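Peer 1: Just the structure for this:
(2 chains)
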Protein chains: 2
Amino acid sequence: MTFPESKDFSYFFSQETKSRRPSPLKTCIHHFSNPNLIFLGGGLPLSDYFPWDNLSAESPLPPFSKGIGAPPTGSKDDTLNVAVKKNEKTGNDIPLARALQYGYTHGQPELLDFLRGHTTEIHDMKYSDWDLIASIGNTNSWESTLRIFCDRGDVVLAEEYSFSSSLAACEAQGVITIPVPVDAFGIVPEKLEELLDNWTPGAPKPKLLYTIPTGQNPTGTSLSSERKEAIYRVAQKHDFLIVEDEPYYFLQVGNYIEDLKKREQVYSAPRPTHEEFKKSLVKSFLSCDTDGRVLRLDSFSKILGPGTRLGWITGSKKLLKAYVSLHEVTIQCPSGFTQVLVAGTLHRWGQSGYLDWLIGLRHEYVSKRDHTIDSLAKYLPKTEVFTVVPPVAGMFFTITIDASAHPQFKSKYNSDPAQVENAIYEKVVSRGVLVVPGGWFRTLGQTNPPLPDKSDKSKANEIFFRGTYAAVAPEKLEEGLKRLSNALKEEFGLTN
Amino acid sequence: MTFPESKDFSYFFSQETKSRRPSPLKTCIHHFSNPNLIFLGGGLPLSDYFPWDNLSAESPLPPFSKGIGAPPTGSKDDTLNVAVKKNEKTGNDIPLARALQYGYTHGQPELLDFLRGHTTEIHDMKYSDWDLIASIGNTNSWESTLRIFCDRGDVVLAEEYSFSSSLAACEAQGVITIPVPVDAFGIVPEKLEELLDNWTPGAPKPKLLYTIPTGQNPTGTSLSSERKEAIYRVAQKHDFLIVEDEPYYFLQVGNYIEDLKKREQVYSAPRPTHEEFKKSLVKSFLSCDTDGRVLRLDSFSKILGPGTRLGWITGSKKLLKAYVSLHEVTIQCPSGFTQVLVAGTLHRWGQSGYLDWLIGLRHEYVSKRDHTIDSLAKYLPKTEVFTVVPPVAGMFFTITIDASAHPQFKSKYNSDPAQVENAIYEKVVSRGVLVVPGGWFRTLGQTNPPLPDKSDKSKANEIFFRGTYAAVAPEKLEEGLKRLSNALKEEFGLTN
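Peer 2: Numbers count the residues shown, from 1 in each chain, chains lettered A, B, ... in the order given. The predicted structure is shown next:
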């Protein structure tokens, strides 16, 4: 089946992107490897002077049967040696001499090849001219996305609560973020459509929807395939691009099973096959995209380690071109060491071994999520004041709190839920546990375009806290949730 | 001796920087290592899931007696094994588990410690609150500097010809670059002062001077200590910041000695001591800086390898704070692998071994430079049409050409030197060698503030080409320069 090309969305580009001209110097660097031309063109140092050879690291060996967290023992049964030479091209390895040289703004070909293979395994690409480029992680990719598309005063849509760094990037750049109403399952497509249908005539319309579809930060919610399709149709109707920031995509831990026997049954079932695993994944926005209006930001931060500072951006070649031009004057490319080690590890694992890793990683988070929800059920006071919706993906859980139930809501806090939130934060920290107030993540729309009507007035006194089950080991997690529950009891004067 | 604090230059910050607020989430990540607090705050994955241990690489061993380009043989006499564990803190190494985690936007402490030690060895810091932070290289550092200080329409000064990527970053951001007149020794302080003394009243004054003081790209010129001091006084008088972009600082190859016997004498002298080497280095702008108005951009790209994507920014803490805030929403920090390997190598070498490396690196470039100038003297036609001033630093040489001497200057090229430049470029590439037209590097001032008066009308027909002796081995270099010379002869109809 042949797919059509992506549409041309270059009219969304910022003034900055439009005024960026191709660098003649960059074209000339491409001559570097032409054997007939003696290259006195650019300041490329001789690789003889790169002081490293025989780069190596040990990684665990697929299928990671003792669990992905089990440290390799050094034995051949569980340990893989990723060893890469400076000047030899072996298999799919990136020779160190090339990785440490200038060039390859898109990323090293061996790394991109692996990621393209991965993309076709996981996503259902629906236009012909898609591609991906390497990035240094989603934080930078999002900030760059704003530079590429938005001028001061431009508008982007974002979930009502969103990742504070992403919002901070908008604020500093003078980009207006308009909150999109969410419920326990993420963005509500009908409310998004309503918001856009009733947009103030003449006010600038949004260029982008920024969304963290899976295991959303901070709310922990996940968009279903159906909602994504509906949101995509709104994007087509009102013509904006969708930026899906998906660091937690592979942490899809499924529904929480309260009944322990049933849970045991499910979880003692054999490890899913690769096909079962892939089928179990929610459809991405990328897989809905017939126009080339989705930009997907992927990251190894939650999958291999944040300090890799490595990720990738997938979208239409027409849009990726603008990222490459920006990268040429900013990051140039991710670290060569990182690319050598990550590509070296992934190629040795193979696509199949990488799926084993992802399955193993998900397995870890399933038990973390379950342990968290079990503990909250055990320690949290049994009252409707506190609500926990078990997350189906990601690293975060939230406790939603009816601030008006606080005994001093009126007397001390002037009926202001934000003041209650602050008091709770101080209390829990003083009791030795840190969770983050939801208010820190609020997407603040500004005055010119209309704010969504707070239709559900019953929620006006709702506050929430974001916790994570990622950062600590199980015993500490349980102790933390106990401290948290006790602090909440104390604050609300509850005893059960 | 105690030094005063730096001055407060925050009034130079851009609208973007001024509107950047500290992220509450970042403050809360600092609690991560507090043993009394259970951290359910941020999405930090357990380091158990980082799939690497026993990272290692081989590097040559100081004092690099066979030359820095000699590959280590694996023997203990010339080979150093940089081996770093995931979870052990050994000596000055950065444990891999920490390097691959979030945090340390400034850079890993062990790396910064080494660089601070290096800074006090090389520079003469004259105010108390200086510091440095890690960067991902000078291209990104300069682009970030523009974001931090400049709004659209702001003005920066730059050498009349400058690095095209740096200028491209200005252009895209809508920052106006005003060219500063240069001669064969770089910026002419008196002309800089004249330019500013005669600034159009009411026109926005420059916030920054962007300069590549040593081995300037593309002209190959280097500023003397005296010129730097004079330029610094102009910066104080007219109140702007100086950004010194110094990737080639340690490639100070000294004066070219034409007389081969004398050269042999000088170069067969014993290797300089560390003290002699340090004394031989030109004074940096950093060492002139009493106010804290200099930002120095350093990079490992030309010293260890471009693909490290690692550098550092030195300046007053007051100004560095703005870089950290920007890095928090962009790069976060350089790659953990890079930081582990570079810091691991440097700490094993020690400050003393690192000086050995720098001395050895300079030695390589001395012979490259000499070989280039010798070959040009040998092959270039003996005429005043072509001028070569031997560079004293860096990777670049330039051939200045009197375009009006072209036999078809009027008849074919309409007395336009740019057309001659283009014709020469096409000719040399067709003859199998690539050098870069100087016109690609022109700093284009725009209309509102005054352009410097092209006082030296005799230079109106001067064009130049930038070549590098960095990128190819000696035999190829000589062949390239021969091809270049022949192409020029051919183009200008010369026979000698």
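
Peer 1: Residues of the stretch 251-400 of chain A that sit close to chain B?
Peer 2: Counting by Cβ under 8 Å from any Cβ of the partner chain, the residues of the stretch 251-400 of chain A lying close to chain B are A:301-302, A:304-310, A:328-338, A:341, A:345, A:357, A:361, A:364, A:395-396. Where C-beta positions appear, they are placed from N, C-alpha and C, glycine not excepted.

Peer 1: Could you confirm A:Ile313 falls within a strand?
Peer 2: Yes: residue state for A:Ile313 (DSSP: H, G, I helix; E, B strand; the rest coil) corresponds to a strand.

Peer 1: tally of neighbours for it?
Peer 2: 25 (other Cβ atoms under 10 Å in any protein chain shown).

Peer 1: Check the one 10 residues further on too.
Peer 2: The number of residues packed around A:Tyr323, counting by other Cβ under 10 Å, is 23.

Peer 1: what's the answer for A:Leu111, then?
Peer 2: Residue crowding around A:Leu111 was assessed by other Cβ under 10 Å; the count is 27.

Peer 1: looking at it, it is touching A:Gln339, isn't it?
Peer 2: Yes: taking Cβ atoms under 8 Å as the definition, A:Leu111 is a contact partner of A:Gln339 at 5.2 Å.

Peer 1: Mind listing the strands the helix or strand where A:Ala158 lies pairs with, and their directions?
Peer 2: Element membership for A:Ala158, per DSSP states H and E: strand A:155-159. Strand pairing for strand A:155-159, determined by DSSP bridges: strand A:176-180 (parallel), strand A:208-211 (parallel).

Peer 1: Please export the C-alpha coordinates of it as CSV.
Peer 2: Listed next in CSV are the C-alpha coordinates belonging to strand A:155-159 (Å, rounded to 0.1, in the frame of the first residue of the first chain):
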residue,chain,number,x,y,z
VAL,A,155,-1.3,30.5,21.3
VAL,A,156,-0.8,26.8,22.2
LEU,A,157,-3.3,24.4,23.8
ALA,A,158,-2.2,22.3,26.7
GLU,A,159,-3.8,20.0,29.2
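
Peer 1: Contacts for that strand next, please.
Peer 2: Judged by Cβ atoms under 8 Å, 6 or more residues apart in numbering or on different chains, the contacts made with strand A:155-159 from elsewhere in the structure are A:146, A:150, A:166-167, A:170, A:175-180, A:182, A:186-187, A:192, A:195, A:203-212, A:216, A:219, A:240, A:443, A:449.

Peer 1: A:Gly67 is in contact with A:His363, correct?
Peer 2: Yes: applying Cβ under 8 Å, one finds A:His363 in contact with A:Gly67, separated by 7.3 Å.

Peer 1: Are any of the contacts of strand A:155-159 buried, and if so which?
Peer 2: When burial is judged by neighbour count using 16 or more other Cβ atoms under 10 Å in any protein chain shown, the buried members of these are A:146, A:150, A:166-167, A:170, A:175-180, A:182, A:186-187, A:192, A:195, A:206-212, A:216, A:219, A:240, A:443, A:449.

Peer 1: Contacts only, for A:Phe13.
Peer 2: By Cβ under 8 Å, 6+ apart, the contact set of A:Phe13 is A:Ile148, A:Phe149, A:Ala322.

Peer 1: residues shared between the contacts of A:Leu111 and A:Gln339?
Peer 2: By the contact definition Cβ under 8 Å, 6+ apart, A:Leu111 and A:Gln339 are jointly contacted by A:Ile94, A:Ala134.

Peer 1: would you list the contacts of A:Phe13 in TSV and tack on neighbour count and secondary structure?
Peer 2: As requested, these are arranged in TSV below (neighbours: other Cβ atoms under 10 Å in any protein chain shown; DSSP: H, G, I helix; E, B strand; the rest coil):
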residue	neighbour count	secondary structure
A:Ile148	20	helix
A:Phe149	24	helix
A:Ala322	23	helix
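
Peer 1: Which one of those residues is nearest to A:Lys427?
Peer 2: Nearest to A:Lys427 among these: A:Phe149, at 41.9 Å, using Cβ to Cβ.

Peer 1: Please determine how far the closest one is located from chain B.
Peer 2: According to Cβ to the nearest Cβ, to the nearest Å, A:Phe149 stands 14 Å off from chain B.

Peer 1: Is it correct that that residue is in contact with A:Leu241?
Peer 2: Yes: A contact is recorded between A:Phe149 and A:Leu241 when judged using Cβ under 8 Å, the distance being 7.1 Å.

Peer 1: what is in contact with the two at once?
Peer 2: A:Phe12, A:Lys207, A:Leu208.

Peer 1: and the last one, what does it touch?
Peer 2: Listed by Cβ under 8 Å, 6+ apart, the contact partners of A:Leu208 are A:Phe12, A:Thr145, A:Phe149, A:Cys150, A:Val156, A:Leu157, A:Phe240, A:Leu241, A:Ile242, A:Val243.

Peer 1: what's the answer for A:Glu264, then?
Peer 2: Contacts of A:Glu264 were listed using Cβ under 8 Å, 6+ apart, and none were found.

Peer 1: any idea which element A:Arg98 lies in?
Peer 2: helix A:96-99.

Peer 1: Equivalent analysis for A:Glu244, please.
Peer 2: strand A:241-245.

Peer 1: before we move on, the earlier item: tell me the buried residues in the strand holding A:Ala158?
Peer 2: Buried residues in strand A:155-159, counting neighbours by 16+ other Cβ under 10 Å, are found at A:Val155, A:Val156, A:Leu157, A:Ala158, A:Glu159.

Peer 1: okay, the angle between it and strand A:241-245?
Peer 2: Calculated by axes from the mean of the first three to the mean of the last three Cα atoms, to 10 degrees, strand A:155-159 forms an angle of 40 degrees with strand A:241-245.

Peer 1: next one: strand A:155-159 to chain centre, how far?
Peer 2: Relative to the chain's own centre, strand A:155-159 is displaced by 16 Å; criterion: Cα atoms, centre = their mean, to the nearest Å.

Peer 1: Beyond it, next helix or strand please.
Peer 2: Downstream of strand A:155-159, the first helix or strand assigned by DSSP H and E is helix A:164-173.

Peer 1: hey, C-alpha coordinates of the helix or strand bottoming out on mean pLDDT in chain A in PDB?
Peer 2: Counting by mean pLDDT, DSSP states H and E, chain A has its least confident helix or strand at helix A:24-29, which shows a mean of 75. Written as PDB, here are the backbone C-alpha positions of helix A:24-29 (Å, rounded to 0.1, in the frame of the first residue of the first chain):
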ATOM      1  CA  PRO A  24      26.500  27.400   2.900                       C
ATOM      2  CA  LEU A  25      29.200  26.100   5.300                       C
ATOM      3  CA  LYS A  26      27.000  23.200   6.300                       C
ATOM      4  CA  THR A  27      26.600  22.200   2.700                       C
ATOM      5  CA  CYS A  28      30.400  22.300   2.200                       C
ATOM      6  CA  ILE A  29      31.000  20.000   5.200                       C
END
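
Peer 1: Quick check: which helices or strands does the helix or strand just after that helix pack against?
Peer 2: Once the chain leaves helix A:24-29, the next helix or strand it forms, by DSSP H and E, is strand A:38-39. Packed against strand A:38-39 by the contact rule (3 or more Cβ pairs under 8 Å, 6 or more residues apart in numbering or on different chains; DSSP states H and E) you find strand B:433-434, helix B:474-492.

Peer 1: What are the contacting residues of the longest one?
Peer 2: Contacts to helix B:474-492, defined as Cβ under 8 Å, 6+ apart, come from residues A:38-40, B:367-368, B:371-372, B:375-376, B:379-381, B:385-386, B:399, B:401, B:405-407, B:423-424, B:427-428, B:430-433, B:435, B:467, B:469, B:472, B:494-495.

Peer 1: Over to the shortest one?
Peer 2: Where contact means Cβ under 8 Å, 6+ apart, the residues beyond strand B:433-434 that reach it are A:28, A:31, A:37-41, B:428, B:480-481, B:483-484, B:487.

Peer 1: mean confidence for it?
Peer 2: Taken as a whole, strand B:433-434 has a mean pLDDT of 96.

Peer 1: And the helices in the stretch 51-200 of chain A, which stretches?
Peer 2: For the stretch 51-200 of chain A, the helices identified by DSSP state H, counting those that start in this stretch occupy A:96-99, A:109-122, A:138-149, A:164-173, A:189-197, in order along the chain.
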